[in-house]
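**Student:** Sequence and predicted structure below; questions after.
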Amino acid sequence: MHKAKNPAALREALSLWEKGGAVAPLSQAQQDTILDLAARADDRPLPDLPPGDPEVKAPLLEASTESTAPIAAGDVSMLRKVDNAQQFFAWFEGVEVQMESDREQSFRAYLELLKQYSGRCDDMLSAITSALHHLTDLETYYSSVSTKTSSLHNACEQLLQDQTNLANYAEAVSSRLSYFVELERLSQKLNSPTLSVLNEQFVPLLNRLDDCIKYISEHHTYKDAQLYLSRFLQLQGRGLNLVKTHVINTLKMATQNVQTQVQGTSEGADVSFTLFYGKFRLHAPRIKALMVEIERRALNTPSYSALLQDCYDCYFSQRLALLRPAVVVAVRDMLTEHQHNLPALMQAGCAYMGRVCTNEHQLHHHFFSSMNAGLSAMLEALSMILYDACRPLYIQKSVSLDTLVELCVVLKAESIEDRGEETAAFVSVAEQMLQDVQQRLVFVSQSFTVSQIKNYDPEPTDLNYPERLQTAIAPGDEKALFASWYPTLPRALLLLSKLSRCLNKGVFDGLAQEVVGACLQSLRTAGRWISIKQGVAHGQLFLVKHLILLREQTAPFEVDTQLTEFSLDFSHARDVASNLLRKGGFSLDSLANMLVQGAPHVTESRFDFRKEVDVCLRDVCQEFIRTVSKTLTAPLLSLLVQVDALPNEMKQKLSEQPFARPERLRDVLKDSDALLHGQLKIALANIATYLGNKDTERILFRPIKAAMLETYAKFAALVAAAYNPDERAIIACPTMDQVALAISAEGAD
């Protein structure tokens with residue numbers, strides 16, 4: 001650090017700079033600036049030291065104290081006598097130097113301190129440099145160690161991964177080999193003479209064997225897989241054969257025990273039930289435990305399915321061998337007990353077979369957890385024993401229609417309608433019996449319809465109308481009322497009521513058409529006989545009454561009255577064949593032509609018995625109305641017919657005709673009035689006797705009254721047109737109101 005010059009020296013130096021002829025002389029401003037900087041440099045303060053640093057502050061304080069000490073101590077060594085200017089300048093220079101030195105003392109002390117600090121920093125820098133060298137070496141060593149450690153760690157991890165992979169591979173190999181290794185152990189166990197299917201270890205043994213077979217079957221590409229698979233299948237066959245042998249032997253032994261005990265006892269049904277089911281059920285728990293496992297595997301394994309089927313077959317064959325003799329004996333006993341009562345026999349047989357089916361289902365559930373079709377086949381075979389025993393009884397000719405009806409009711413109620421799933425096998429056999437009985441019933445019904453209804457030969461008392469109606473009238477006596485009907489009508493209705501409970505709707509509808517048609521034909525025949533015997537009006541009223549009854553009594557059966565029948569019409573073929581013969585012989589062309597043109601035609605015919613009854617009733621009513629009206633107005637009608645037969649010119653002089661004179665017409669009116677007051681009451685009484693219903697009587701009376709009024713109206717018109725007032729007074733023809741009043745009065749009576 002250079003020592004700063006004082007202002008005088010600076011000014012002197014500046015003057016010398018200007019006088020010396022400098023190349024770059026200073027301007028006045030520059031010179032002033034330099035002087036100003038010099039003045040400011042003299043007043044430089046001490047640099048700030050760090051607070052609280054005693055090592056720095058102490059020297060500075062000492063220097064400051066030393067610089068001020070001479071003055072403070074009253075140092076006057078520098079004070080001397082000045083004689084001239086030279087001495088003054090010399091003294092002043094010394095003073096300046098001393099002052100300069102005193103002023104710079106603190107800076108020098110600070111400089112020394114900085115030098116000390118600089119030395120210390122150099123030492124520290126050397127130490128730091130040495131430390132950095134050591135750290136660099138340590139970093140190098142650390143990097144080397146870290147690299148080696150990472151390599152070691154990675155190597156260890158790789159070794160652990162290899163160890164894990166080897167362990168997994170070993171475990172996988174061990175798990176795969178475990179299925180193959182099991183062959184020896186399973187072979188020893190299955191070939192052990194002490195092994196039993198009832199042992200608790202037998203089922204787990206089968207499970208393990210199935211697992212091994214399944215695994216090797218799924219991995220058939222393994223070495224010697226087919227060899228191991230065949231040996232495992234042999235072991236499985238041996239195990240399943242043990243199960244089969246045990247089940248078959250157990251079932252056969254149970255059957256033999258029951259058969260032996262049954263032969264040695266003569267007790268009743270309760271003891272037989274205990275032997276057939278109670279004793280047999282004792283073996284069920286042990287067998288079912290095996291069957292549950294077999295049934296579970298049988299769904300996916302053919303060998304287990306075959307074993308299960310063998311067990312089913314053995315079970316059903318043993319049960320059938322045990323039950324068949326018992327069922328035969330039971331059916332034979334029922335035949336003996338109910339030999340004269342076929343419906344009771346059928347009811348007892350159905351009830352017995354229902355119990356057998358229910359008991360067999362329950363016993364089967366104790367041995368097996370799933371159903372098999374063999375159970376239904378076995379129960380059907382047992383049910384056929386009853387079928388074979390009963391069928392010859394109800395198809396013989398001596399069985400009456402009522403018995404067949406009762407059989408149908410029993411079979412429908414006891415064996416079909418009130419049975420459940422347990423008796424489904426017997427129901428199928430019962431349906432066969434029902435169909436046989438229904439077929440027989442249809443045949444007997446048709447025979448009955450022909451013989452007892454259609455071709456009925458009436459007794460004289462059957463045609464004794466209206467006496468039968470008059471003697472049967474008794475209020476509240478329905479039997480007497482039915483007895484008044486013609487016998488074919490109640491027979492037909494009774495037959496329909498019986499058949500409606502026994503036959504299917506389609507069969508019943510067709511048979512009902514035949515029955516109603518036969519009844520209608522028998523009524524028409526009876527009506528003709530009554531008309532011959534008692535008169536046309538009685539025959540017509542007989543038909544009206546019975547046709548109304550037939551229509552009313554058949555309505556509740558809800559029969560499909562429209563029946564369509566198809567038939568083949570060979571008349572056309574007959575005509576073609578006749579023409580062919582007339583033309584002279586046969587040839588291939590003629591035969592082909594006959595086959596084409598002579599094919600029979602299918603004809604369709606429709607029959608509606610309800611419509612037939614209505615049409616017949618309408619025609620009979622109209623005939624009866626005409627008969628009664630003609631009878632009551634016969635004189636008038638006879639006169640009108642004679643008048644209509646005259647030529648027109650004679651009609652102009654009608655009063656001159658002998659039969660048409662006023663006196664004659666008056667006699668005709670008297671005769672008609674006598675008929676009206678006499679025969680009308682008889683006709684209405686007959687209507688009341690036959691019909692017995694006021695509403696029906698009024699319905700039938702109205703058209704009779706209208707027909708009579710029409711005849712009187714024609715007569716009145718004739719009188720008014722052909723006769724003069726005097727002649728009309730003689731005739732005394734009543735008015736229509738008078739006639740209507742007279743007719744109504746007779747009808748009211």
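**Tutor:** Looks like it arrived, so ask away. Residues are numbered from 1 along each chain as shown.
**Student:** which parts of the strand or helix carrying residue 37 are buried?
**Tutor:** According to DSSP states H and E, residue 37 maps onto helix 28-42. Neighbour counts over helix 28-42 (16 or more other Cβ atoms under 10 Å) mark 31, 34, 38 as buried. (Each C-beta comes from the backbone N, C-alpha and C, glycine too.)
**Student:** same for the helix or strand harbouring residue 521, what does it pack against?
**Tutor:** Using DSSP H and E, the element containing residue 521 is helix 505-534. Judged by 3 or more Cβ pairs under 8 Å, 6 or more residues apart in numbering; DSSP states H and E, the packing partners of helix 505-534 are helix 424-448, helix 488-500, helix 536-554, strand 562-569, helix 609-632.
**Student:** quick check: angle from that helix to helix 609-632?
**Tutor:** Angle of helix 505-534 versus helix 609-632, following axes from the mean of the first three to the mean of the last three Cα atoms, to 10 degrees, is 20 degrees.
**Student:** what residue ranges in the stretch 601-749 of the chain score low on pLDDT?
**Tutor:** Applying pLDDT under 70 to the stretch 601-749 of the chain flags the ranges 601-609, 747-749.
**Student:** where exactly do the strands run in it?
**Tutor:** Along the stretch 601-749 of the chain, counting by DSSP state E, counting those that start in this stretch, strands occupy 601-608.
**Student:** show me what contacts the residue nearest in space to the middle of the chain?
**Tutor:** Centroid check for the chain by Cα atoms, centre = their mean gives residue 421 as the closest residue, at 18.8 Å. Shown in contact with residue 421 (Cβ atoms under 8 Å, 6 or more residues apart in numbering): no residues.
**Student:** Could you report the distance from it to residue 371?
**Tutor:** Distance of residue 421 to residue 371, given as Cβ to Cβ, to the nearest Å: 9 Å.
**Student:** Then residue 696?
**Tutor:** In terms of Cβ to Cβ, residue 696 sits 63 Å off from residue 371.
**Student:** which one of those two has more residues nearby?
**Tutor:** residue 696 (16 against 12; other Cβ atoms under 10 Å).
**Student:** Contacts only, for the more buried one.
**Tutor:** residue 548.
**Student:** Check which helices and strands the helix holding residue 37 is in contact with.
**Tutor:** Against helix 28-42 (3+ Cβ pairs under 8 Å, 6+ apart) you get helix 7-19.
**Student:** Return the most buried member of the helices and strands packed on helix 505-534.
**Tutor:** helix 536-554 (a mean of 21; mean count of other Cβ atoms under 10 Å).
**Student:** how big is the angle separating that helix from helix 505-534?
**Tutor:** Using the same axes, to 10 degrees: helix 536-554 against helix 505-534 is 160 degrees.
**Student:** which helices and strands sit right next to helix 536-554?
**Tutor:** Using 3+ Cβ pairs under 8 Å, 6+ apart, helix 536-554 is in contact with helix 488-500, helix 505-534, helix 609-632, helix 662-691.
**Student:** longest helix in this structure, by residue count?
**Tutor:** helix 85-190 (DSSP state H).
**Student:** and the angle from that helix to helix 28-42?
**Tutor:** Here helix 85-190 runs at an angle of 70 degrees relative to helix 28-42 (the same axes, to 10 degrees).
**Student:** what about helix 85-190, distance to the chain center?
**Tutor:** Helix 85-190 sits 83 Å away from the centroid of its parent chain (Cα atoms, centre = their mean, to the nearest Å).
**Student:** Next, the residues that contact the following helix or strand past that helix from outside, please.
**Tutor:** Of the helices and strands lying after helix 85-190 in sequence (DSSP H and E), the nearest is helix 202-218. By Cβ under 8 Å, 6+ apart, the residues outside helix 202-218 that reach it are 179-180, 182-183, 186, 189-190, 195-196, 222, 225, 228-229, 232-233, 235-236, 239, 289-290, 293, 297, 301.
**Student:** For PyMOL, write the select line for the buried members of the residues you listed.
**Tutor:** In PyMOL syntax, the buried subset of these is picked out as below (16+ other Cβ under 10 Å):
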select buried, resi 179+180+182+183+186+189+190+195+222+225+228+229+232+235+236+239+290+293+297+301
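**Student:** Pretty sure residue 655 sits against residue 726.
**Tutor:** No. Assessed by Cβ atoms under 8 Å, residue 655 is found out of contact with residue 726, at 10.2 Å.
**Student:** okay, those two: which has more neighbours?
**Tutor:** Set residue 655 next to residue 726 and count neighbours by other Cβ under 10 Å: residue 655 wins out with 17 against 9.
**Student:** quick one, what contacts the more buried one?
**Tutor:** 661, 662, 722, 723, 724, 727.
**Student:** measure the fifth one to residue 662 for me?
**Tutor:** Taking Cβ to Cβ as the measure, residue 724 and residue 662 are separated by 9 Å.
**Student:** more crowded one of the two?
**Tutor:** Taking neighbours as other Cβ under 10 Å, residue 724 and residue 662 compare with residue 662 leading, 18 against 9.
**Student:** any idea how far that one lies from residue 104?
**Tutor:** 199 Å.
**Student:** likewise residue 200?
**Tutor:** Distance from residue 200 to residue 104, by Cβ to Cβ: 117 Å.
**Student:** Buried residues in stretch 520-527, which are they?
**Tutor:** Buried, per 16+ other Cβ under 10 Å, within stretch 520-527: 520, 522, 523, 526, 527.
**Student:** Identify, from those, the entry nearest to residue 648.
**Tutor:** residue 527 (42.4 Å; Cβ to Cβ).
**Student:** Could you check how far stretch 427-443 is from the centre of its chain?
**Tutor:** So, by Cα atoms, centre = their mean, the centroid of stretch 427-443 is 32 Å from its chain's centroid.
**Student:** now do stretch 676-690
**Tutor:** Using Cα atoms, centre = their mean, the offset of stretch 676-690 from its chain centre is 68 Å.
**Student:** Now do the same contact list for the closest residue to residue 547 other than its chain neighbours.
**Tutor:** Nearest residue to residue 547, sequence neighbours excluded (Cβ to Cβ, 6 or more residues apart in numbering): residue 617, at 4.2 Å. The contact partners of residue 617, by Cβ under 8 Å, 6+ apart, come to 543, 544, 547, 548, 551.
**Student:** hmm, try it at 7 Å
**Tutor:** Neighbouring residues of residue 617 by Cβ atoms under 7 Å, 6 or more residues apart in numbering: 544, 547, 548, 551.
**Student:** can you count the residues close to residue 672?
**Tutor:** 23.
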